[in-house]
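**Q** no letters, just coordinates:
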């Protein structure tokens, strides 16, 4: 095991789950995909590289693997299942989700459909239980007609020993709402979240958080304090803002994405936005170092040091990324460093906002 990776003590989260604080996000290894009429996958995945990445993560001490039924429509789960089949089950913590794939059911949260999806997920992952099972979104049909049934189904899964703990998303918007509903007509996602939290009473929250995430409004607690008050833990997704905070994208040579890649519809991956981001990261390069590994260390520590009741989910498409992410951890950031990162990222946000409404509309999806 890498000395660097093992420097981080494991964290005991809700339900007694003992995890390496840097977990492995497995959306990208699902490969290219489409759902709800939108590109929803990653065109840059390769199965051989994905398996080597999963194996490298395990060898470096990572034990938390997060996926979903809709990531490659089971492909991500099946790849993880190959790893699970080769190691002691108790040595890994498995998290998956339901709610974004309807199939032939009336709704993704129709109880019998949820049962079938969980059974398939367990088969894919080659396990008899999940450590965390998430409600993947907050869309429960007209007048929330499927909400009660979904909650009851989750509790039934727990009573049957199929699921240890239950999770839900933090404040967010359903994928098609960001595309089809004008911003002025969108409902308050924070009020919606608080309502659903009271109903679901989850053990875990899945939340986007990174240096570009705005602070909470004045007088309001952040999501980490909210979760701690309610005995919940958080799995942080997109701590690197899908690589944008690592400086790996060169605006002079912008990335190209094939069909089925969600980044095709994300404004922050366009040349103009990448140019703004590259310039905005310059103060971080000057203070902490110019390499991708340097910026990765800063971005991960910024999240890790924010709260103890959380673990990060860092995505990958190959073993090199996994190794870099798990070995990027060095000395913690000082309070002054964290303030500097927040101020620098705040200025970058303002620059992106000033660039036009297109960046504003896509900000939630890119972070």
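**A** Looks like it arrived, so ask away. On a predicted model such as this, the values are computed, not experimentally measured, just so you know. Residues are numbered from 1 along each chain as shown.
**Q** where do the helices sit along the stretch 251-367 of the chain?
**A** Along the stretch 251-367 of the chain, counting by DSSP state H, counting those that start in this stretch, helices occupy 271-280, 282-288, 292-304, 319-327, 335-354, 357-366.
**Q** for these, which has the smallest mean pLDDT value?
**A** With a mean of 44, helix 357-366 has the lowest mean pLDDT of the helices of the stretch 251-367 of the chain.
**Q** residue contacts, the nearest residue to residue 169 once chain neighbours are set aside?
**A** Distances taken as Cβ to Cβ, 6 or more residues apart in numbering place residue 206 nearest to residue 169, at 5.2 Å, with adjacent residues excluded. All C-beta spots, glycine's among them, are computed from the backbone N, C-alpha and C. By Cβ atoms under 8 Å, 6 or more residues apart in numbering, residue 206 lies in contact with 97, 134, 167, 168, 169, 170, 234, 235, 237.
**Q** where's residue 192 relative to residue 184, distance?
**A** 17 Å (Cβ to Cβ, to the nearest Å).
**Q** scratch that, residue 247 is what I was asking about
**A** Distance, residue 247 to residue 184, using Cβ to Cβ: 34 Å.
**Q** more crowded one of the two?
**A** Neighbour count, other Cβ atoms under 10 Å: between residue 247 and residue 184, residue 247 has more, with 21 against 5.
**Q** and the more buried one, what is it in contact with?
**A** By Cβ under 8 Å, 6+ apart, the contact list for residue 247 reads 278, 281, 285, 290, 292, 295.
**Q** from the residues you listed, list just the buried residues.
**A** Burial by neighbour count, judged by 16 or more other Cβ atoms under 10 Å, picks out 278, 281, 292, 295 from the contacts of residue 247.
**Q** need the max-distance pair from these.
**A** Greatest spatial distance among the buried ones among the contacts of residue 247 (Cβ to Cβ): 278 and 292, at 12.5 Å.
**Q** rewinding a little: separate out the buried members of the contacts of residue 206.
**A** In the contacts of residue 206, the ones that pass as buried (16+ other Cβ under 10 Å) are 97, 134, 167, 168, 169, 170, 234, 235, 237.
**Q** pLDDT and distance to residue 128 for the residues you listed - can I get that in a markdown table?
**A** Listed next are the buried ones among the contacts of residue 206 as a markdown table, based on pLDDT from 0 to 100; distance: Cβ to Cβ, whole Å:
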| residue | pLDDT | distance to residue 128 |
| --- | --- | --- |
| 97 | 98 | 18 |
| 134 | 98 | 19 |
| 167 | 98 | 19 |
| 168 | 98 | 23 |
| 169 | 97 | 26 |
| 170 | 95 | 29 |
| 234 | 98 | 26 |
| 235 | 98 | 22 |
| 237 | 97 | 26 |
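**Q** report the distance from stretch 155-173 to the chain centre.
**A** Stretch 155-173 sits 16 Å away from the centroid of its parent chain (Cα atoms, centre = their mean, to the nearest Å).
**Q** buried residues in that stretch?
**A** Buried-residue list, stretch 155-173, by 16+ other Cβ under 10 Å: 157-158, 162-173.
**Q** what about those residues, which are in strands?
**A** 163, 164, 165, 166, 167, 168, 169 (DSSP state E).
**Q** who's in contact with the fourth one?
**A** It stands for residue 166. 132, 133, 134, 135, 154, 155, 158, 200, 202, 203, 204.
**Q** my guess is the first one meets residue 95, correct?
**A** Yep, that's residue 132 we're talking about. Yes - in this structure residue 132 lies within contact range of residue 95 using Cβ atoms under 8 Å: 3.9 Å.
**Q** common neighbours of these two, please.
**A** Common neighbours of residue 132 and residue 95 (criterion: Cβ under 8 Å, 6+ apart): 66, 167, 204, 235.
**Q** now residue 263: how far from residue 10?
**A** According to Cβ to Cβ, residue 263 stands 33 Å off from residue 10.
**Q** re earlier: got the shared contacts of residue 132 and residue 95 as TSV, with distance to residue 221 columns?
**A** Listed next are the shared contacts of residue 132 and residue 95 as TSV, based on distance: Cβ to Cβ, whole Å:
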residue	distance to residue 221
66	25
167	20
204	18
235	19
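**Q** tell me the one of the residues you listed nearest residue 227?
**A** residue 204 (8.5 Å).
**Q** contact partners for the nearest residue to the closest one once chain neighbours are set aside?
**A** Leaving aside its chain neighbours, residue 204 sits nearest to residue 167 (3.4 Å; criterion: Cβ to Cβ, 6+ apart). Counting by Cβ under 8 Å, 6+ apart, residue 167 makes contact with 95, 97, 132, 133, 134, 135, 202, 203, 204, 205, 206, 235.
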